[in-house]
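Chemist: Sequence and predicted structure, then a few things I'm wondering about:
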Amino acid sequence: MFSWCTDPSAIDGLAWLSCYLTTGKHLSIYVSVGTVLLLLAITAPVALAFGFGGAMAARSHFAPLSWLGKAYIAIVRGVPDIAFFLFFVIALDQFFEWLRHEVKCPDWDQPIRQGNDFVVCAEAKLPLSTAAQWVHETYGFSLAVLTFSIVFGAFAANVLFGAMRAVPHAQLETAEAYGMSRRQTFWRILVPQMWVYALPGLSNLWMVLIKATPLLFLLGVEDIVYWARELGGSKTAKFTDYPHPDWRVWYFLALLVFYLAFTRVSEIVLGRIMKRLTHGQATMGGEAQRKAS
Amino acid sequence: MSCWETIADYGLRSIGIGERLLPRDNFTLCQQFTLIGSGMLWNIYFGIVALVTGFFLATALAVGKASKITPLRKLAEWVIFVFRGSPLFIQFFFAYFLFLSLKGVSSAFDPLTSAWLGAALVLFLNTAAYTGEIFYGALLSVPKGDIEAADAYGFSGWPRFKKIVWPTMLRLAWPAYTNEAIFLFHATTLVFFSGFPAWQQRGDALYYANYFADKTFNPFVPYPILAGYFILLTLCVVGLFGLINRRLNRHLPKERRQKMRVRPRLLMR
């Protein structure tokens, strides 16, 4: 990277470190931090949308839809989330391939599950075996995003469902008395008011989402955990200019600090947002603010 | 091979009793049920060890965080922040590699690199931090009147804490603590997916479920079995903690008792 790095054996101290930390492989760990941030940026709104849909379904007066919504909310309670991550990634992959299989190869007569194999015709493979490397990576990443969104959507649905019920009932009754339809009441009265009740739960969820990002590693995405293991492992002089013993403990220490800092910053930002939102609200928090000023 | 034989062979496979070789193909439903159930032994072991030991450290952390002595308070605050602010997954990795490098220093650290001790230690610290925060919140909401009454009766220092403050703190914290216990059991599934190796393929429930899913390419059988086991375990935890909750609240009139409501709030680390 730098001009003084051309002969690694001749330098030491900070100069050596600056060279070591900017090797090509190390640049990919910095890129993978971007992957994590990208995952968070995409997953948060998608999961919120899933959650909103789930909460709406659970409130529905049409019984099967309400059961569906409640079942979706309930899945997060009894079962470890990591099991869902591992399950959905394979299940979604097979579901997509099966759909394409049905469409593209209608005259395929063998069963899809043959013993221990899952077989679809070559045209239905996702991504196609001829596809470029980046297509494979993008596909893996989008599967991960979808899985995260489904699981965290269930958490968000739980929070939003609670928030919708926390809005004072008199508000809804007043809206009805003014002749609003159910739909109007929902969109014009309930939804605008529910956010202040939902925010504590949602900010907790955001913290949990941050802390769940290392699980990307289990879904087969080359994320920071992957690179920390890869780069930290002992390197011999034969394969690299920077030989070193097992340094994985330092790499994971760096990850630990990264996550701690990220959580702390989020805590501060979310605290500010909460302060802004409670301002002037007829809740205990709002009252406390009024008295303090 | 009948199902009873399978259970006899694999029922305790995860702790090294019974058949050494895992089945390789033609997996029967019975084999999957037995092996995943056998793996649950590890989850239960980790959960119970961490809960029981973590409980005491959590009390200490809560008292420390509420303490007037600044160094003590700072220490408790930092422990709680570090373990609550970072992912458990990373903590497992970091601890494993730390123990691995300690192993080079002295052979006294050898057992730490195996899951039964090393992972249990991490889970113990982790749950102590989460529970410590819960207990701290409860400690702050112990009614002032209770403490004044204790003072009036001549209680002070350790007896006052043991007889008055601590039971009330537990009673207030119990619903949230139940939640924490449930999610601790869920968190035990991470052990064998982080650094800690499953020696001789003796893993936990998720390890075996993942094994079957990898071998059969069919996630629709092993994971629902795992889910079923965990729902059962969750029900047991809720039942047991409910009994303790009844006992903690036994002096209160019915309508003032704390209701147990399980909510996924502190979910996942």
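Modeler: That came in fine, so what should we check first? Residues are numbered from 1 along each chain as shown, chains lettered A, B, ... in the order given.
Chemist: what residues does the stretch 101-250 of chain B put near chain A?
Modeler: B:101, B:182, B:185-187, B:189-190, B:193, B:206, B:209-210, B:213, B:215-220, B:223, B:226-227, B:230-231, B:234-235 (Cβ under 8 Å from any Cβ of the partner chain). For the C-beta atoms, the positions are set from N, CA and C on the backbone; glycine is no exception.
Chemist: from these, which ones fall inside strands?
Modeler: Per DSSP state E, strands hold no members of these.
Chemist: Mark which of those are buried, thanks.
Modeler: Buried by 16 or more other Cβ atoms under 10 Å in any protein chain shown: B:101, B:182, B:185-187, B:189-190, B:193, B:206, B:209-210, B:213, B:216-219, B:223, B:226-227, B:230, B:234, out of these.
Chemist: Identify those among the residues you listed that sit within helices.
Modeler: B:101, B:182, B:185-187, B:206, B:209-210, B:213, B:216, B:223, B:226-227, B:230, B:234 (DSSP state H).
Chemist: quick one, strands of the stretch 101-250 of chain A?
Modeler: Listed in chain order, the strands found in the stretch 101-250 of chain A under DSSP state E, counting those that start in this stretch are A:113-114, A:117-118.
Chemist: State the mean pLDDT of the first one.
Modeler: Within the predicted structure, the mean pLDDT of strand A:113-114 is 70.
Chemist: Same check on the last one?
Modeler: What strand A:117-118 shows for mean pLDDT is 72.
Chemist: Excluding chain neighbours, what is closest to residue A:213?
Modeler: residue A:36 (4.9 Å; Cβ to Cβ, 6 or more residues apart in numbering or on different chains).
Chemist: ditto for residue A:118
Modeler: Closest to residue A:118 by Cβ to Cβ, 6+ apart is residue B:217, at 4.3 Å.
Chemist: buried residues in stretch B:19-31?
Modeler: B:22, B:23, B:27, B:30, B:31.
Chemist: give me the element residue A:256 is part of.
Modeler: Residue A:256 is part of helix A:248-278, with elements assigned from DSSP states H and E.
Chemist: ok, now residue B:72?
Modeler: Short version, using DSSP H and E: residue B:72 is in helix B:70-85.
Chemist: Now do that helix: which elements does it pack against?
Modeler: Identification of packing neighbours for helix B:70-85 by 3 or more Cβ pairs under 8 Å, 6 or more residues apart in numbering or on different chains; DSSP states H and E yields helix A:248-278, helix B:29-65, helix B:115-140.
Chemist: Nearest to residue A:163 among those helices would be which one?
Modeler: Closest approach to residue A:163 among the helices and strands packed on helix B:70-85 (Cβ to Cβ): helix A:248-278, 12.4 Å.
Chemist: Touching the helix or strand of chain B with the lowest mean pLDDT from outside, list them.
Modeler: The element with the least model confidence among the helices and strands of chain B, by mean pLDDT, DSSP states H and E, is helix B:3-10, at a mean of 83. Residues from elsewhere that reach helix B:3-10 (Cβ atoms under 8 Å, 6 or more residues apart in numbering or on different chains): B:18, B:19, B:28, B:30, B:31, B:34, B:35, B:38.
Chemist: so what's the fourth one up against?
Modeler: Taking Cβ under 8 Å, 6+ apart, we find residue B:30 in contact with B:3, B:6, B:7.
Chemist: Give me the buried entries from the residues you listed.
Modeler: Buried by 16+ other Cβ under 10 Å: B:6, B:7, out of the contacts of residue B:30.
Chemist: give me the low-pLDDT residue ranges for the stretch 1-150 of chain A?
Modeler: A:1, A:3, A:8-10, A:76-77, A:114-116, A:129 (pLDDT under 70).
Chemist: let's go with 80 and repeat that
Modeler: A:1-25, A:75-78, A:104-133 (pLDDT under 80).
Chemist: who's in contact with residue 207?
Modeler: If you meant another chain, say so; for now it's chain A. Residues in contact with residue A:207 (Cβ under 8 Å, 6+ apart) are A:263, A:266, A:267.
Chemist: actually it's chain B I care about, not the one you picked
Modeler: So residue B:207 contacts B:39, B:192, B:193, B:198, B:201 (Cβ under 8 Å, 6+ apart).
Chemist: Quick check: phi and psi at the fourth one.
Modeler: Translated: residue B:198. phi -90, psi 100 (degrees, to the nearest 10).
Chemist: Tell me, how many residues neighbour it?
Modeler: Close neighbours of residue B:198, defined as other Cβ atoms under 10 Å in any protein chain shown, add up to 18.
Chemist: okay if I get the strands of the stretch 101-250 of chain A as CSV plus mean neighbour count and distance to residue A:52?
Modeler: Converted to CSV, these look like this (neighbours: other Cβ atoms under 10 Å in any protein chain shown; distance: least, Cβ to Cβ, whole Å):
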stretch, mean neighbour count, distance to residue A:52
strand A:113-114, 12, 36
strand A:117-118, 13, 34
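Chemist: follow-up on the earlier one: tell me, how many residues neighbour the residue nearest to residue A:213?
Modeler: Count around residue A:36 with other Cβ under 10 Å applied: 20.
Chemist: close enough to count as contact, it and residue A:222?
Modeler: No - using Cβ atoms under 8 Å, residue A:36 is not in contact with residue A:222, being 11.2 Å away.
Chemist: and the gap between residue B:202 and chain A?
Modeler: Note on residue B:202: its distance to chain A, by Cβ to the nearest Cβ, to the nearest Å, is 19 Å.
Chemist: ok, for that residue, nearest residue in space, not its chain neighbours?
Modeler: Nearest to residue B:202 is residue B:14, by Cβ to Cβ, 6+ apart, at 5.1 Å.
Chemist: residues contacting the residue nearest to residue A:213?
Modeler: Neighbours of residue A:36 in contact, by Cβ under 8 Å, 6+ apart: A:213, A:216, A:223, A:224.
Chemist: and the gap between it and chain B?
Modeler: Here residue A:36 is placed at a distance of 11 Å from chain B (Cβ to the nearest Cβ).
Chemist: Skipping adjacent residues, who's closest to residue B:135 in space?
Modeler: Residue B:135 sits nearest to residue B:62 (Cβ to Cβ, 6+ apart), 3.5 Å away.
Chemist: Let me know how buried that neighbour is, in neighbour terms.
Modeler: There are 26 residues near residue B:62, going by other Cβ under 10 Å.
Chemist: likewise residue B:86?
Modeler: Residues near residue B:86, counting by other Cβ under 10 Å, number 25.
Chemist: got it, and residue A:143?
Modeler: Counted with other Cβ under 10 Å, residue A:143 comes out at 20.
Chemist: And for residue A:4?
Modeler: Residue A:4 has 13 nearby residues by other Cβ under 10 Å.
Chemist: do the same with residue A:194
Modeler: Neighbours of residue A:194 using other Cβ under 10 Å come to 20.
Chemist: what's around the closest residue to it other than its chain neighbours, how many residues?
Modeler: Leaving aside its sequence neighbours, residue A:194 sits nearest to residue A:163 (Cβ to Cβ, 6+ apart; 4.4 Å). Per other Cβ under 10 Å, the neighbour tally for residue A:163 reads 22.
Chemist: ok, for residue B:119, nearest residue in space, not its chain neighbours?
Modeler: residue B:191 (4.4 Å).
Chemist: Worst mean pLDDT among the helices and strands packed on helix B:70-85?
Modeler: If you rank the helices and strands packed on helix B:70-85 by mean pLDDT, helix A:248-278 sits at the bottom with a mean of 88.
Chemist: Just the buried residues of that one, please?
Modeler: Residues of helix A:248-278 classed as buried by neighbour count (16+ other Cβ under 10 Å): A:248-253, A:255-256, A:259-260, A:262-263, A:266, A:270, A:278.
Chemist: ok, now stretch A:121-131?
Modeler: In stretch A:121-131, counting by 16+ other Cβ under 10 Å, buried: A:124, A:126.
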